[in-house]
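Enquirer: After the sequence you'll find the predicted model.
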Amino acid sequence: MAKQLLGKEVNADLNQQIIDRVNALKEKGVVPTLGIIRVGEKDADLSYERGATKRCEKLGVEYKKFVFPENVSQEELMGTIDQVNKDSSIHGVLIFRPLPKTLDEKAVIAALDPEKDIDGITDGSMVGVYTGQKKGFPPCTAQAVMEILRHYQVDLKGKKAVVIGRSLVIGKPAAMMLLKQNATVTICHTKTKDMAAEAREADVLVVAAGHRDVVDDTFVRPGQIVIDVGINVNDEGKLCGDVSYDKVEPIVDAITPVPGGVGSVTTSVLVSHVVEAAERSLEK
């Protein structure tokens, strides 16, 4: 039976660190604050927002919401981006995407100050991820993968890591962050020949394909650690990952469950990024 890499254990560790850092900032007169920009009332956005605001409240981080109807104009939204960029009391900004097709999402993202981009959506944040510079922040989900490996003391030095998925949100940044920890990294995607064989070579297998049951028992071997980033809904209406858990779990050494794994760590990472942004502002 594989060891379950539980998000709640990672959160307990992360949250205590965040509380200590928040208290240190408040002693210096700085209250870390998150700005939330949301257009419309999509269920997924509202669910994530509730999780993020509850985590902020629990950890002593303030937040301000900027909520707009679906028919908001480009001019009004860009004006709000300019407002939060200039507001020194707001340290990090979360913009829910995708935006309605009536809006120029690329222009909105480009307008956000990378120093306040706590979810890794700007080019400036990507530069930070790829070059190792302390600029912007990596996407929260990719960072959550690394926090799980850190918490469970997975030594990546010299290990072979395989990432299934090449999105800018998870796959590519996760690969760069694994590389920074001195893993040897392979990225697999839809055009990869014999993906199962590549996956079996991994010491650490990160699955971020965006489709359920992409990885089954033919992709794994004993001794592996599997990080399942996927969040999908199965035929019974229950949440599941990109990995066929029942087939893979009996074989590998350790695996993240879905739900209760990577997704549950993401909001803690989001809040930690807000706190770090506040710390950086104080340094300046």
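Expert: Yes, it's here.
Enquirer: Run a quick neighbour tally on residue 96.
Expert: 18 (other CB atoms under 10 Å). Using the backbone N, CA and C atoms, a C-beta is placed for each residue, glycine as well.
Enquirer: Now do the contacts for it.
Expert: With contacts taken as CB atoms under 8 Å, 6 or more residues apart in numbering, residue 96 has the following neighbours: 36-39, 42, 45, 48-49.
Enquirer: Could you rerun that using 10 Å?
Expert: 36-40, 42, 44-46, 48-49, 67, 119 (CB atoms under 10 Å, 6 or more residues apart in numbering).
Enquirer: Report the buried members of those.
Expert: Among those, those buried by neighbour count (16 or more other CB atoms under 10 Å) are 36-39, 45, 48-49, 119.
Enquirer: of all the contacts of residue 96, which comes closest to residue 99?
Expert: Distance to residue 99, by CB to CB, is smallest for residue 39 among those, at 5.6 Å.
Enquirer: which one is the closest one nearest to, not counting chain neighbours?
Expert: Excluding the flanking residues, the one nearest residue 39 by CB to CB, 6 or more residues apart in numbering is residue 68, at 4.8 Å.
Enquirer: Equivalent analysis for residue 242, please.
Expert: Nearest to residue 242 is residue 230, by CB to CB, 6+ apart, at 3.1 Å.
Enquirer: In three-state terms, label the one you found for me.
Expert: Classification of residue 230 using DSSP: H, G, I helix; E, B strand; the rest coil returns coil.
Enquirer: so how many other residues sit close to it?
Expert: By other CB under 10 Å, the burial measure for residue 230, its neighbour count, is 25.
Enquirer: Renumber starting at 9 from here on
Expert: Sure, I'll start counting at 9 from here, so that last one is residue 238.
Enquirer: is it true that it touches residue 218?
Expert: Yes: assessed by CB atoms under 10 Å, residue 238 is found in contact with residue 218 at 6.5 Å.
Enquirer: any common contacting residues for these two?
Expert: By CB under 10 Å, 6+ apart, the residues touching both residue 238 and residue 218 are 172-173, 178, 250.
Enquirer: give the contact list for the residue positioned nearest the centre of the chain.
Expert: Central residue of the chain (CA atoms, centre = their mean): residue 149, 1.5 Å from the mean position. By CB under 10 Å, 6+ apart, the contact set of residue 149 is 127-128, 175, 177-178, 181-182, 216, 237, 239, 270-271, 273-274, 277-278.
Enquirer: Next step: these restricted to helices.
Expert: 181-182, 270-271, 273-274, 277-278 (DSSP state H).
Enquirer: Which of those residues scores worst on pLDDT?
Expert: The lowest pLDDT within the ones in helices among the contacts of residue 149 belongs to residue 271, with 92.
Enquirer: If we ignore the residues flanking it in sequence, what's nearest that residue?
Expert: Using CB to CB, 6+ apart and skipping the chain neighbours, the partner closest in space to residue 271 is residue 239 (5.6 Å).
Enquirer: and what of residue 237?
Expert: Counting by CB to CB, 6+ apart, residue 237 lies nearest to residue 216, which is 4.0 Å off, once chain neighbours are set aside.
Enquirer: likewise residue 79?
Expert: Closest residue to residue 79 apart from its sequence neighbours, by CB to CB, 6+ apart: residue 110 at 7.2 Å.
Enquirer: One more: residue 60?
Expert: residue 275 (5.2 Å).
Enquirer: repeat for residue 175
Expert: residue 216 (6.8 Å).
Enquirer: any idea how far residue 51 is from that neighbour?
Expert: 22 Å (CB to CB, to the nearest Å).
Enquirer: Low-confidence regions, the stretch 159-292 of the chain specifically.
Expert: Judged by pLDDT under 70, the stretch 159-292 of the chain has no weakly predicted residues.
Enquirer: can you pull out the helices in it?
Expert: Counting by DSSP state H, counting those that start in this stretch, the stretch 159-292 of the chain has helices at residues 179-188, 203-208, 253-256, 270-291.
Enquirer: Switch those helices over to a markdown table; also include distance to residue 97 and mean neighbour count.
Expert: Formatted as a markdown table, these follow (distance: least, CB to CB, whole Å; neighbours: other CB atoms under 10 Å):
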| stretch | distance to residue 97 | mean neighbour count |
| --- | --- | --- |
| helix 179-188 | 28 | 22 |
| helix 203-208 | 46 | 17 |
| helix 253-256 | 44 | 17 |
| helix 270-291 | 10 | 22 |
